[in-house]
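1. all I have is the shape, not the residue letters:
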């Protein structure tokens, strides 16, 4: 193996390692994310006094995504069809919801 090839291989391994570290850090920063069904998501939202839901609309071949926070946990669901959100629920439309 040439020095250039060895350097390239080491750089690739380092890049993969730093990407894994970044992903692990993102998970720690975001806390626990609980994936639930749309029905369970609404059960949780209706328990809240002042519910807040973040919605990322469906894009080509991707589902609608929804996120809320309840008692320190983040709850996440996705659906092929847009869910009906009551006007009593504060809704934030996001371009994208990223879950690590």
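-> Structure received. What you see is a predicted model; the values in this text were computed from it and never measured.

2. for the rest of this, base every contact and every neighbour count on C-alpha atoms.
-> OK.

3. tally of neighbours for residue 76?
-> 22 (other Cα atoms under 10 Å).

4. got the domain ranges for this structure?
-> 1-30, 32-100 (automatic domain parsing).

5. what residues are bridge-paired with residue 78?
-> residue 65 (DSSP bridges).

6. quick one on the thing from earlier: mean pLDDT lowest for which of the domains of the chain?
-> Set side by side, these give their lowest mean pLDDT on domain 1-30, at a mean of 55.

7. the nearest residue to residue 81 once chain neighbours are set aside and residue 46, how far apart?
-> Counting by Cα to Cα, 6 or more residues apart in numbering, residue 64 is the residue found nearest to residue 81 once chain neighbours are left out, at 6.8 Å. Using Cα to Cα, to the nearest Å, residue 64 is found at 19 Å from residue 46.

8. ok, now which ones touch the closest residue to residue 66 other than its chain neighbours?
-> Excluding its sequence neighbours, the residue lying closest to residue 66 (Cα to Cα, 6+ apart) is residue 55, at 4.7 Å. Applying Cα atoms under 8 Å, 6 or more residues apart in numbering to residue 55 gives the contacts 64-67, 91-94, 97.

9. how about the strands of this structure, start to end?
-> Along the chain, the segments classed as strands by DSSP state E run 33-35, 52-56, 64-70, 73-79, 90-93.

10. CSV please, covering these and showing distance to residue 41.
-> Formatted as CSV, the strands of the chain follow (distance: least, Cα to Cα, whole Å):
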stretch, distance to residue 41
strand 33-35, 9
strand 52-56, 10
strand 64-70, 8
strand 73-79, 7
strand 90-93, 14
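
11. could you pull out the helices in the chain for me?
-> 3-30, 38-47 (DSSP state H).

12. follow-up on the earlier one: give me the more crowded residue out of residue 64 and residue 46.
-> Taking neighbours as other Cα under 10 Å, residue 64 and residue 46 compare with residue 64 leading, 19 against 12.

13. for residue 80, see how far away the more buried one is.
-> Remark: distance between residue 64 and residue 80 (Cα to Cα) = 6 Å.

14. run a quick neighbour tally on residue 73.
-> Neighbour tally, residue 73, other Cα under 10 Å: 13.
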